[in-house]
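[1] With the sequence up front, the predicted model follows.
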Amino acid sequence: MAEVIPIGSDHAGFQLKERLVAELRTLGYQPLDLGTDSPESTDYPDYAHRVASQVEQHAANRGVLLCGTGLGMSYAANRHPGVRAALAWSPEIAQLARQHNDANILILPARFVSEDQGVEILKTWLGAEFVGGRHSRRVERIELDRE
């Protein structure tokens, strides 16, 4: 069975989201498009919470979010326990986010990457694996250190 990947965006990320939904299908994943459904102005937290909730509740192992800068999505998604949403603007950042931080949500800054760059970043992130080791201790501390 294909891995379900929830994906969401605000209006600024809509066009790139549509491309990534198609790309996920081509790669053999089952995208779960949680909106938005048009380029009309909308509020990014609504979509961030939809995708992050899927990961938080273990309905999906990982997800994808897009907005203009990626920052708003990052702020909202990372408020969910167990979510490690990483803003990536290059394949190298996406790879390290998975390898060192076990990022379970990829966030793309739609106004700062081309569609082709977005696809490359997505593919890199999907193909990277968490390396564990010393990084496991650090990832565990994200949830534990709430002082």
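    That came through fine.
[2] Give me the pLDDT for residue 147.
    Per-residue pLDDT puts residue 147 at 50.
[3] same question, residue 39
    Residue 39 is given a pLDDT of 96.
[4] For it, what are phi and psi?
    phi -80, psi 10 (degrees, to the nearest 10).
[5] Hmm, residue 11 and it touching each other?
    Yes. In this structure, residue 39 is within contact of residue 11 by C-beta atoms under 8 Å, at 5.1 Å. The way it works is simple: take the backbone N, C-alpha and C, and place the C-beta from them, glycine included.
[6] For stretch 129-136, measure first residue to last.
    End-to-end distance for stretch 129-136, by C-alpha to C-alpha, to the nearest Å: 12 Å.
[7] Would you pull up how far it lies from the middle of the chain?
    Here the centre of stretch 129-136 is set off from its chain's centre by 19 Å, with C-alpha atoms, centre = their mean, to the nearest Å.
[8] same check, this time on stretch 102-119
    The answer for stretch 102-119 is 8 Å, by C-alpha atoms, centre = their mean.
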